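Student: missing the sequence, but the structure's below:
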């Protein structure tokens, strides 16, 4: 069966996984509207396929601009069949050393930027009773890692929004998928990473090896962005796509280990958890 040609809206297509997703969709014959932050990046993106690659300059933290762009795309390009909320960045640092302003900025892009984009497409998809919303979270949205607490926090928040949203819109035949990549060979851990300043010597022995290892691994990550894009396109043509799509063998291993740790706490403290219920006799608390 020939796959249906779709119109994609992908945020953050100037580099990394967003660019890989866009190229794969264009190569498959789809139309892609990609958002970038700079006019120069817009020209580069459009040049990939002038007939079907449409660039829009957008700051996803500008709520009104997000609404305006989505409305304009629906009117001038076509109905958005697939949203991939990909725009985001990494913030590395010990939590105690991370300025609250940096933490807020991380959530502003990774959580509220994605949320604004999702809210903007929902009325159109709901009206058509079809659509697929995907957002790139991270393996750090299902298992937290030291040294990237702000980043993991933002991705955990987005995971919760997406999981609840999927249940809210299922009756409208709108699919929602959280995409959880592991370590992919992109600029995420290199020039795209914001690093909080160091200032507390007590953390030196713990954190400096973590930071050094991440810098050393940059450019050597196991994940292939083009294969991630192929996996994403694959689920779009399935009748029952997943609510969670973990990408990468490292992500599978680390997410499973994180889930096992949670299950261990549930089992170990089950009795105490149950002890907080009202007694079965009265159930009134009196």
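Tutor: Nice, I can see it. The structure displayed is predicted, hence computed values, not measured ones.
Student: which ones are touching residue 88?
Tutor: Going by C-beta atoms under 8 Å, 6 or more residues apart in numbering, residue 88 touches 12, 109-110, 113-114, 136, 154. The way it works is simple: take the backbone N, C-alpha and C, and place the C-beta from them, glycine included.
Student: mind listing the helices for the stretch 101-250 of the chain?
Tutor: When assigned using DSSP state H, counting those that start in this stretch, the helices of the stretch 101-250 of the chain occupy the ranges 114-128, 149-169, 204-217, 225-236, 249-268.
Student: Compare the mean pLDDT across these and name the weakest.
Tutor: The stretch with the lowest average pLDDT out of the helices of the stretch 101-250 of the chain is helix 204-217, scoring a mean of 87.
Student: Report the buried residues of that one.
Tutor: In terms of neighbour count (16 or more other C-beta atoms under 10 Å), helix 204-217 has its buried residues at 207, 210, 214.
Student: What's the biggest strand in the protein, counting residues?
Tutor: Ranked by number of residues, the top strand in the chain under DSSP state E is strand 174-181.
Student: what's the angle from it to helix 114-128?
Tutor: Counting by axes from the mean of the first three to the mean of the last three C-alpha atoms, to 10 degrees, strand 174-181 points 150 degrees away from the direction of helix 114-128.
Student: What lies in contact with strand 174-181?
Tutor: For strand 174-181, the external contacting residues (C-beta under 8 Å, 6+ apart) are 17, 84, 122, 125-126, 129-139, 141-142, 158-159, 162-163, 165-166, 169, 223, 228, 232, 235, 241-248, 251, 255.
Student: Please pick the buried ones from those.
Tutor: Buried positions within the contacts of strand 174-181, assessed by neighbour count (16+ other C-beta under 10 Å), are 17, 84, 122, 125, 131-139, 141-142, 158-159, 162, 165-166, 169, 223, 228, 232, 235, 241, 244-248, 251, 255.
Student: got the contact list for residue 239?
Tutor: By C-beta under 8 Å, 6+ apart, no residues touch residue 239.
Student: From residue 191, how far out is it?
Tutor: 40 Å (C-beta to C-beta, to the nearest Å).
Student: ok, now residue 159?
Tutor: 26 Å.
Student: For residue 24, which non-adjacent residue is closest in space?
Tutor: For residue 24, the nearest residue in space outside its immediate sequence neighbours is residue 229; the separation is 3.5 Å by C-beta to C-beta, 6 or more residues apart in numbering.
Student: My read is that that neighbour contacts residue 20, right?
Tutor: Yes: at 4.4 Å, residue 229 counts as touching residue 20 under the criterion of C-beta atoms under 8 Å.
Student: Tell me which residue is most central in the chain.
Tutor: Taking C-alpha atoms, centre = their mean, the centroid of the chain lies closest to residue 136, which sits 2.0 Å from it.
Student: any idea how far residue 32 is from it?
Tutor: Using C-beta to C-beta, we find residue 136 at a distance of 15 Å from residue 32.
Student: Equivalent analysis for residue 44, please.
Tutor: As judged by C-beta to C-beta, residue 44 and residue 32 stand 14 Å apart.
Student: neighbour count winner among those two?
Tutor: Applying other C-beta atoms under 10 Å to residue 44 and residue 32 shows that residue 32 carries more neighbours, namely 27 against 16.
Student: Spatially nearest residue to residue 235, not counting backbone neighbours?
Tutor: Leaving aside its sequence neighbours, residue 235 sits nearest to residue 241 (C-beta to C-beta, 6+ apart; 4.3 Å).
Student: surely the one you found meets residue 232?
Tutor: No: in terms of C-beta under 8 Å, residue 241 does not count as a neighbour of residue 232; the distance is 9.8 Å.
Student: Please work out how many residues are found near residue 191.
Tutor: By the other C-beta under 10 Å criterion, the neighbourhood of residue 191 contains 8 residues.
Student: just the one 3 residues further on next, same as before
Tutor: Residue 194 has 15 neighbours, counted by other C-beta under 10 Å.
Student: so who does the nearest residue to it once chain neighbours are set aside touch?
Tutor: Nearest residue to residue 194, sequence neighbours excluded (C-beta to C-beta, 6+ apart): residue 91, at 5.0 Å. With contacts taken as C-beta under 8 Å, 6+ apart, residue 91 has the following neighbours: 98, 102-103, 105-106, 148, 150-151, 193-196.
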